[in-house]
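*Asks:* Predicted model and sequence follow; I will ask about them next.
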Amino acid sequence: MSEKILEVKNLEVSFRTYAGISHAVRGVDFYLNRGETLAIVGESGCGKTVTSKAIMGLLPESNTEIRKGEGSAILFHGDNLLDYNEKQMSQIRGSKISMIFQDPMTSLNPTMKIGDQIMESILIHQDISKAEARNQALEMLKLVKIPNAEERMKQYPFEFSGGMRQRAMIAVALACKPEILIADEPTTALDVTIQAQIMELIGSLQKELKMAVILVTHDLGVVASVADRIQVMYAGKIVERGVVDEIFYKPSHPYTRALLNSVPKIHTNNKETLYSLKGTPPDLINPPAGCSFAPRCEYGMMVCRKRYPDITRFSDSQECSCWLYHPKADTAGLPEDMIRRRAR
Amino acid sequence: MAERQVLIEVKDLKKYFKVGKNAVLKAVDGVNFKIYKGETLGLVGESGCGKTTCGKTVMGLYEATGGQVIFDGTDIHSLNRREKKEFTKRAQIIFQDPYSSLNPRMTVGDIIGEGIDIHGLCHGKEREEKIHELLELVGLNREHASRFPHEFSGGQRQRIGIARALAIEPEFIVCDEPISALDVSIQAQVVNLLIELQQKKNLTYLFIAHDLSMVKHISDRVGVMYLGNMVEFASSDELYAEPLHPYTTALMSAIPIPDPDAEKEKKRIPIEGEIPSPINPKPGCRFAARCRYATDQCRQETPELAEVKPDHFVACHRTMELNK
């Protein structure tokens, strides 16, 4: 039986900006099982990175408001991380939960040797000698398949190529064998052939270390090959979730469907008009009252703009927040497969 | 099919950069291709393969180290100032980064109107009318003319960039990664716009991108570059259905497909390592060091781009035996 190691309950994050309070994450619930890969998919500004940084406790305190109480919690093995102070958090961060970022150039320290950066995270979390830490760091570099690991230990990030830096960052993140790895767009800055190498590496390390991965990305192609479950975010909320086959073959939310349709397929005809969403995501300083996707949705109804839709469940794993699946919704003009799935 | 008219012919184009004593970075090293009127030629490759440099040299933004770019009969690198200005009226470029390619201190109207002013196409009311027309053509409002770039989102800025390129009614546009900075749903909007404009105005595009599926979607023919060389060149359908060069095959197999079943069945052909440095490259096939079929011949002789099938060119010594 799968064991829940992380549970996020009603997470709400807002930022104080000059223009007003921006509600970046507006009530997000999800869980993570040991060893699985959960993908969070969405476009820029949908709150996927903010969600993962909130789990890591990495959001700047000066302008961030994370709601506490009233059922809001981030439970890691049952302990609420939102109640942890900085000292407690730093014991979790890097040892139990690690994160890798999109841009390896800005997240590695340019003035520190790669070896020292890996050793740093080992020495902070484990009570071992420097020599032992060095050995472990070397092992890590070999594990992420960096050739000439001995010499590479003594080099600085600028001497590494993009793909190598990402490998080095993975080595730093995994040095303490965390239970959860949060990978925030780990391959977006990389070329496809390198991307494939890195995704394969993350997959094999995941099996070896039995860790759970939260993959944050906008690239549906990457998700298809690695994810177990997917949740789609839009404007700070999860609009649909399901296991990978459900999301790809039976997408229910109009936004998920639009996302899937707007990527060209290698096997389809050229120059056909791509399905494209009109408009842009809403401003989160004054988020719309109802469904935030309604203004861009081709099936949008009156009720969509007024009230946020209830959750419709299609299976044990798949659910979606959309009024179209309400028994009273108007079905005129809806695609066949959507009508068939409505509650009766 | 009617006889296709060649708009641009690139002959043995070379662009080297000096990067220190005795070190030459060969960004583009002997590339040949033709672009026909009204078509979209895609140029793909990984970062550092020279595709952007190639695009900028074709536009005359870089001085070519060697070779020719023949635009409608004349070599653009031999033009004098006046002729060059004439050329820029017929060819334009759209840049990758919609944030750094628009002057933040100019209004959108002036950004779009700059080309019109330089070429003295129209003035006063007529100019204003033209700018409004362009804004509407790319899906923005006429009210946007008085605003500044920072007030727009990435997708909207890219539209401004497109409107600026279209302002002087060029025949040819180099699109240098026009969508890679944009979100998926916005990418589709911009690509649809580019295709629609092409059909309306009979434009010719050189479309540079690393997103292979998008390039396939928009292009008629596609060239694959690797470390400054063109390794394969074919119609986009053929290239994707039947890649012949070992690098192209590996590249195609690395494209993630947004379809879990197809992903499971797909066999990825791994390439070891990463792109080597383009500084003082070794003789022979540039891909030899990473190619699993490489022989001694590959390491010594640079393969020429040869037509192995009608309109399908490959630069590989072993194409024939490998693809029997």
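*Replies:* Looks like it came in fine. Numbers count the residues shown, from 1 in each chain, chains lettered A, B, ... in the order given.
*Asks:* Just the CA coordinates for stretch A:82-102, please, in PDB.
*Replies:* Output of stretch A:82-102 as PDB, limited to C-alpha atoms (Å, rounded to 0.1, in the frame of the first residue of the first chain):
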ATOM      1  CA  LEU A  82       4.200  25.700   8.400                       C
ATOM      2  CA  ASP A  83       4.700  25.600  12.200                       C
ATOM      3  CA  TYR A  84       8.500  25.000  11.900                       C
ATOM      4  CA  ASN A  85      10.900  27.800  12.600                       C
ATOM      5  CA  GLU A  86      13.800  28.600  10.300                       C
ATOM      6  CA  LYS A  87      16.200  26.300  12.300                       C
ATOM      7  CA  GLN A  88      13.900  23.300  12.100                       C
ATOM      8  CA  MET A  89      13.200  24.000   8.400                       C
ATOM      9  CA  SER A  90      16.900  24.100   7.600                       C
ATOM     10  CA  GLN A  91      17.200  20.600   9.000                       C
ATOM     11  CA  ILE A  92      14.600  19.300   6.600                       C
ATOM     12  CA  ARG A  93      15.700  21.300   3.700                       C
ATOM     13  CA  GLY A  94      18.400  19.500   1.700                       C
ATOM     14  CA  SER A  95      18.300  16.400   3.800                       C
ATOM     15  CA  LYS A  96      14.700  15.200   3.700                       C
ATOM     16  CA  ILE A  97      13.300  17.400   1.000                       C
ATOM     17  CA  SER A  98      15.600  18.800  -1.800                       C
ATOM     18  CA  MET A  99      14.900  21.000  -4.700                       C
ATOM     19  CA  ILE A 100      16.600  21.600  -8.100                       C
ATOM     20  CA  PHE A 101      15.900  24.700 -10.100                       C
ATOM     21  CA  GLN A 102      15.400  25.700 -13.700                       C
END
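*Asks:* pretty sure A:Leu6 belongs to a strand, no?
*Replies:* Yes: with DSSP: H, G, I helix; E, B strand; the rest coil as the criterion, A:Leu6 is assigned to a strand.
*Asks:* ok, it - how many residues close by?
*Replies:* A:Leu6 has 22 neighbours, counted by other CB atoms under 10 Å in any protein chain shown. C-beta coordinates here come from the backbone N, C-alpha and C atoms, glycine included.
*Asks:* what do you get for A:Ile66?
*Replies:* Neighbours around A:Ile66, by other CB under 10 Å: 17.
*Asks:* Surely it and A:Glu12 touch.
*Replies:* Yes: between A:Ile66 and A:Glu12 there is a contact under CB atoms under 8 Å: 7.1 Å.
*Asks:* tell me, what's touching the two both at once?
*Replies:* Common neighbours of A:Ile66 and A:Glu12 are listed as A:Ser72 (criterion: CB atoms under 8 Å, 6 or more residues apart in numbering or on different chains).
*Asks:* Just checking, which helix or strand of the chain averages the lowest pLDDT?
*Replies:* I went with chain A, as the question did not name one. helix A:104-107 (a mean of 80; mean pLDDT, DSSP states H and E).
*Asks:* In that one, which residues are buried?
*Replies:* A:104, A:107 (16 or more other CB atoms under 10 Å in any protein chain shown).
*Asks:* likewise stretch A:130-148?
*Replies:* Buried, per 16+ other CB under 10 Å, within stretch A:130-148: A:133-134, A:136-138, A:140-141, A:143-144, A:146.
*Asks:* again with stretch A:195-203
*Replies:* A:195-199, A:201-202.
*Asks:* Contacting chain B as well, which ones from the residues you listed?
*Replies:* Taking CB under 8 Å from any CB of the partner chain as the test, chain B is in contact with A:195-197, A:199 out of the buried residues of stretch A:195-203.
*Asks:* what would those look like in a markdown table with secondary structure and pLDDT?
*Replies:* A markdown table is the format used below for these (DSSP: H, G, I helix; E, B strand; the rest coil; pLDDT from 0 to 100):
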| residue | secondary structure | pLDDT |
| --- | --- | --- |
| A:Gln195 | helix | 87 |
| A:Ala196 | helix | 87 |
| A:Gln197 | helix | 86 |
| A:Met199 | helix | 90 |
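*Asks:* of those, closest to chain B?
*Replies:* Top of the list for closeness to chain B, among these and by CB to the nearest CB, is A:Ala196 at 4.2 Å.
*Asks:* and residue 258, which of the three is it?
*Replies:* Chain wasn't specified; assuming chain A. helix.
*Asks:* And it, how far from B:Ile255?
*Replies:* According to CB to CB, to the nearest Å, A:Ala258 and B:Ile255 sit 21 Å apart.
*Asks:* Wait, a helix at B:Lys14?
*Replies:* No: looking at B:Lys14 with three-state DSSP, it is strand, so not inside a helix.
*Asks:* doesn't B:Gln68 make contact with it?
*Replies:* No: the pair B:Lys14 / B:Gln68 is not scored as a contact, 10.3 Å apart, by CB under 8 Å.
*Asks:* For residue 34, grab the count of nearby residues.
*Replies:* I'll assume chain A. By other CB under 10 Å, 14 other residues sit near A:Arg34.
*Asks:* try again with chain B
*Replies:* There are 16 residues near B:Lys34, going by other CB under 10 Å.
*Asks:* how about it, what does it touch?
*Replies:* B:Lys34 is in contact with B:6, B:8-10, counting by CB under 8 Å, 6+ apart.
*Asks:* Which pLDDT value belongs to B:Glu3?
*Replies:* Listed pLDDT for B:Glu3 reads 65.
*Asks:* next one: A:Gln88
*Replies:* At A:Gln88, the predicted lDDT confidence score is 93.
*Asks:* Also A:Val216?
*Replies:* A:Val216 carries a pLDDT score of 94 in this model.
*Asks:* Contacts only, for B:Asp311.
*Replies:* So B:Asp311 contacts B:221, B:234-235, B:238 (CB under 8 Å, 6+ apart).
*Asks:* which one among the residues you listed gets closest to chain A?
*Replies:* Using CB to the nearest CB, those come closest to chain A at B:Ser235, 9.6 Å.
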